[in-house]
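Chemist: Here is a sequence with its predicted model. Questions after.
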Amino acid sequence: KNEVEQSPQNLTAQEGEFITINCSYSVGISALHWLQQHPGGGIVSLFMLSSGKKKHGRLIATINIQEKHSSLHITASHPRDSAVYICAVEPTLLSGGGADGLTFGKGTHLIIQP
Amino acid sequence: KAGVTQTPRYLIKTRGQQVTLSCSPISGHRSVSWYQQTPGQGLQFLFEYFSETQRNKGNFPGRFSGRQFSNSRSEMNVSTLELGDSALYLCASSLAGVTYEQYFGPGTRLTVT
């Protein structure tokens, strides 16, 4: 069964700090998504990765396929970055995927204090 | 380009009733996925439709069903509602499936009393 573990579960930091959120999974995957959810429920897709590294503004996402691990980094954090960050993976057919859609982590609750 | 829309946004039903939720994807997107989010279980995959065919289904009972129309709009139906079905139901559209970027709707908040 595919497991997706995120750490930390909760993170409070000061404005300007460098933030790292980690995601580990247990099976081979074809894609990994990082999502952001603000209070009220709206979800925004931040990145979709299958290898390497992607950067968008102050956000950077990396993935190590061999180690089954991904990280989301936020540079120069700001209070508007306060949200829940969710990692989701699509297992490969070989890993039993293709029928179960995305599997999600429990999310990381991030609070950036001014 | 208009985003993903979901109707209704809020719904209150009683146990035993049934409910139908609607999702209109971004124009040109052919895949629609449905998810349930609860405080206890987090986000869970319900099903995915592509070109009017159910392609994937999550581990939910048969009371949960869906369909997709020729214009890619999708509906999901929950019959014989239970208290545990209270949740935020989200749909997401993409060009062709979950290995493409997902665009989420605002969700429908269902409360079962």
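Modeler: All right, it came through fine. Residues are numbered from 1 along each chain as shown, chains lettered A, B, ... in the order given.
Chemist: how about the residues of chain A that lie near chain B?
Modeler: A:30-31, A:33, A:35, A:41-45, A:48, A:50, A:86, A:88, A:90, A:98-107 (Cβ under 8 Å from any Cβ of the partner chain). (Each C-beta comes from the backbone N, C-alpha and C, glycine too.)
Chemist: so where's chain A uncertain?
Modeler: A:1-2, A:93-100 (pLDDT under 70).
Chemist: and chain B, which residues reach chain A?
Modeler: Within chain B, the residues that sit near chain A (Cβ under 8 Å from any Cβ) are B:33, B:35, B:37, B:42-48, B:56-59, B:88, B:90, B:92, B:98-104, B:106-107, B:109.
Chemist: now those residues: which count as buried?
Modeler: For the residues of chain B next to chain A, a burial check counting by 16 or more other Cβ atoms under 10 Å in any protein chain shown picks out B:33, B:35, B:37, B:42-48, B:56-58, B:88, B:90, B:92, B:98-100, B:102-104, B:106-107, B:109.
Chemist: Tell me where the chain has strands.
Modeler: No chain specified, so I'll use chain A. Taking DSSP state E, the strands of chain A run over residues A:4-7, A:10-14, A:19-25, A:29-37, A:43-49, A:52-56, A:59-64, A:69-74, A:83-91, A:103-104, A:108-113.
Chemist: Actually, chain B is the one I wanted.
Modeler: So, for chain B - with DSSP E - the strands run B:5-7, B:10-13, B:19-24, B:31-38, B:42-50, B:53-57, B:64-68, B:74-78, B:87-94, B:103-104, B:108-112.
Chemist: For A:S71, which of the ones you listed is the nearest?
Modeler: Nearest to A:S71 among the strands of chain B is strand B:42-50; the distance by Cβ to Cβ comes to 19.9 Å.
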